[in-house]
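In: Curious how this folds, go ahead:
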Amino acid sequence: MEHYGIWSLLPPLIAIFLAMKTRQVFISLFLGIWIGWVVINGWNFFDGTLASIEALVNVFKEPGNTRTIMFSSLVGALIAYIQRSGGVDGFIRYINKFLKYVEKRHAGNSRRTVQLLAWATGVAIFVESSINVLTVGSIFRPIFDRLKIPREKLAYIADSISAPTCILIPLNAWGAYIMGLLLAQGLTDPFRIMLEAYPLNFYPFLAMGAVLIVIIFQKDIGPMKKAEKRAREEGKVLADDATPMMSDEIVSLERKQGVLPKARNMLVPIATMVFMMPVGLIYSGWGQLETRSDIPFTTLLFEAIGKGSGSKAVLWAVLTALLVAAILYRTQKIFKLQELIDLLFKGVGGLIPLALLMMLAFAIGSLCRELGTGMYVAEIAKAWLSPHLVPFIIFVVSCFIAFSTGTSWGTFAIMMAVAIPMAQAMDVSIPLTVAAVLGGGVFGDHCSPISDTTIISSMASASDHIDHVKTQLPYALIAGAIAAFFYLVIGFIE
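Out: Okay, the predicted model is just below:
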């Protein structure tokens with residue numbers, strides 16, 4: 001049987017409906033998995049329940065899945081090390097010194113310069129979206145207040161460069177997660193597909209570009225224009241009825257008492273991880289090459305990267321970064337060995353929900369392949385849907401799900417399981433389809449009022465949350481509409 005007919009639609013539809021209705025992505029994904037295995041087992045609820053549990057266990061039979069989950073959890077330990085060692089505080093102090101220098105040299109143009117620096121700082125911190133937002137908010141909030149730039153503008157800048165930066169520079173948990181989802185769909189070269197998809201991932205580019213246009217040309221629209229006018233004319237960085245969300249409540253780990261803040265305690269481990277990722281790809285892919293004297297060495301390197309194992313590379317990279325960080329902090333006598341071990345477990349524990357989400361995502365992807373969901377959707381769609389419209393439809397649906405649920409990763413898990421098999425059956429470009437899913441997911445992460453990144457942006461900038469959502473939504477909608485148009489056009493060109 002190629003598919004289970006209309007029953008093959010039940011798992012993703014139930015997951016989508018419940019996720020939007022309850023905002024509980026974990027429960028929604030599990031119930032989708034459960035009903036799918038009940039269908040496969042002939043509507044035997046007992047056997048379906050046992051099969052669902054076994055399916056979650058079987059996720060770890062795939063080495064790539066296990067390595068990806070391990071990497072994502074260990075990133076939590078690296079973040080804990082960086083925060084507790086004073087690395088984040090040191091980086092903030094370094095940026096503050098630079099900002100004071102800039103203000104002295106460019107006092108007349110300081111509003112635009114400071115906003116550009118906030119944008120650039122966010123782009124530089126691509127290891128994790130929450131750290132990205134928290135750092136930008138912590139550094140620039142006092143400076144924005146002094147220059148009478150509205151808090152809504154800071155929240156907008158921080159939010160618009162967090163998820164888009166992390167998705168466009170995938171040397172982090174985002175990249176590992178996406179490669180894992182592609183592997184779960186039976187794609188044997190996920191790193192190459194991901195690289196080919198990024199130029200087609202229009203929304204993040206448009207969202208980040210929109211911020212630059214607003215900053216450089218000082219042109220605001222809608223509620224943001226009113227906020228700018230209020231700040232300039234009345235000197236109020238917040239509206240009179242605003243209820244700011246203070247960032248102090250979300251700083252989970254403070255610098256260890258008595259430790260001097262040093263930027264290198266953040267930069268060295270992150271640089272190590274970034275450097276080791278391509279090294280790991282080259283090493284894991286080199287054995288699969290046919291080395292010949294007539295092939296240039298640089299060509300061999302790029303071929304090795306394309307054939308390398310993404311899950312191996314990211315796992316080796318984060319383990320190397322943790323080792324370098326531990327040695328760095330021990331030589332400075334910041335932590336004792338037991339403190340390093342305790343902090344490692346604390347950081348890993350903080351990302352257990354992420355590991356659970358990835359396990360569920362891999363499980364529902366495998367289930368949808370077993371049910372033939374994509375094949376069935378493609379058969380139906382062929383009757384009324386042109387393959388040229390597939391990227392546009394996938395992007396719009398992904399936007400809707402992500403905005404309604406407030407989670408990009410949950411959207412990736414649900415939509416990849418449907419979109420990739422559908423694209424394969426209808427002979428639509430896989431990288432283009434993947435890009436449409438990623439762009440739609442980032443849209444929701446960027447502007448949904450229930451997205452964790454949107455909420456943290458309000459907190460980090462001490463802005464009123466509803467004011468933040470209202471002021472940035474027009475920019476996000478414009479970027480989303482342009483991206484949708486691009487997918488519509490490119491779908492007919494392909």
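
In: At which residues are the strands of the stretch 251-400 of the chain located?
Out: Ranges of strands in the stretch 251-400 of the chain, per DSSP state E, counting those that start in this stretch: none exist.

In: can you give me the helices for it?
Out: Remark: helices of the stretch 251-400 of the chain, listed N- to C-terminal, are 264-286, 297-307, 310-331, 337-350, 352-371, 373-384, 390-405; assignment by DSSP state H, counting those that start in this stretch.

In: now those as a markdown table including distance to residue 482?
Out: Every C-beta, even on glycine, is put in place using the N, C-alpha and C of the backbone. Compiled in a markdown table, the helices of the stretch 251-400 of the chain are given as follows (distance: least, CB to CB, whole Å):
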| stretch | distance to residue 482 |
| --- | --- |
| helix 264-286 | 31 |
| helix 297-307 | 31 |
| helix 310-331 | 30 |
| helix 337-350 | 37 |
| helix 352-371 | 29 |
| helix 373-384 | 25 |
| helix 390-405 | 11 |
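
In: and of these, who's closest to residue 17?
Out: Nearest of these to residue 17, taken as CB to CB: helix 390-405 at 10.0 Å.

In: May I have the closest one as CSV, with CA atoms only?
Out: Once non-C-alpha atoms are left out, helix 390-405 reads as follows in CSV (Å, rounded to 0.1, in the frame of the first residue of the first chain):
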residue,chain,number,x,y,z
VAL,A,390,3.1,24.3,-4.3
PRO,A,391,5.9,26.6,-2.9
PHE,A,392,3.4,29.5,-2.5
ILE,A,393,0.8,27.3,-0.8
ILE,A,394,3.4,25.7,1.5
PHE,A,395,4.8,29.1,2.5
VAL,A,396,1.3,30.5,3.3
VAL,A,397,0.2,27.5,5.3
SER,A,398,3.5,27.5,7.2
CYS,A,399,3.0,31.2,8.0
PHE,A,400,-0.5,30.5,9.3
ILE,A,401,0.5,27.6,11.5
ALA,A,402,3.6,29.4,12.9
PHE,A,403,1.7,32.6,13.6
SER,A,404,-1.2,30.6,15.3
THR,A,405,1.1,28.4,17.4
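
In: after that helix comes which helix or strand?
Out: Once helix 390-405 ends, the next helix or strand along the chain (criterion: DSSP states H and E) is helix 408-425.

In: and the helix or strand just after that next one, how far from the chain's centre?
Out: Next in sequence after helix 408-425, counting helices and strands by DSSP H and E, comes helix 430-447. On the basis of CA atoms, centre = their mean, to the nearest Å, helix 430-447 sits 10 Å off its chain's mean C-alpha point.

In: Same check on stretch 80-87?
Out: Its chain's C-alpha centre and that of stretch 80-87 lie 22 Å apart, by CA atoms, centre = their mean.

In: Check stretch 132-151 too.
Out: For stretch 132-151 - counting by CA atoms, centre = their mean - the centre lies 23 Å from the chain centre.

In: With mean pLDDT as added columns, please give the helices of the stretch 251-400 of the chain in TSV.
Out: Shown next, in TSV, are the helices of the stretch 251-400 of the chain (pLDDT from 0 to 100):
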stretch	mean pLDDT
helix 264-286	83
helix 297-307	71
helix 310-331	88
helix 337-350	87
helix 352-371	78
helix 373-384	67
helix 390-405	84
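
In: Just name the most buried of those helices.
Out: With neighbours defined by mean count of other CB atoms under 10 Å, none of those is more surrounded on average than helix 390-405, at a mean of 24.

In: between it and helix 430-447, how big is the angle?
Out: Between the axis of helix 390-405 and that of helix 430-447 there is an angle of 30 degrees, by axes from the mean of the first three to the mean of the last three CA atoms, to 10 degrees.

In: helices and strands around helix 390-405, which ones?
Out: Packed against helix 390-405, as judged by 3 or more CB pairs under 8 Å, 6 or more residues apart in numbering; DSSP states H and E, are the following elements: helix 10-22, helix 408-425, helix 430-447, helix 465-493.

In: Comparing the ones you listed, which comes out most buried?
Out: Ranked by mean neighbour count, the helices and strands packed on helix 390-405 are led by helix 430-447 with a mean of 28 (mean count of other CB under 10 Å).

In: Kind regards, and thank you for your time.
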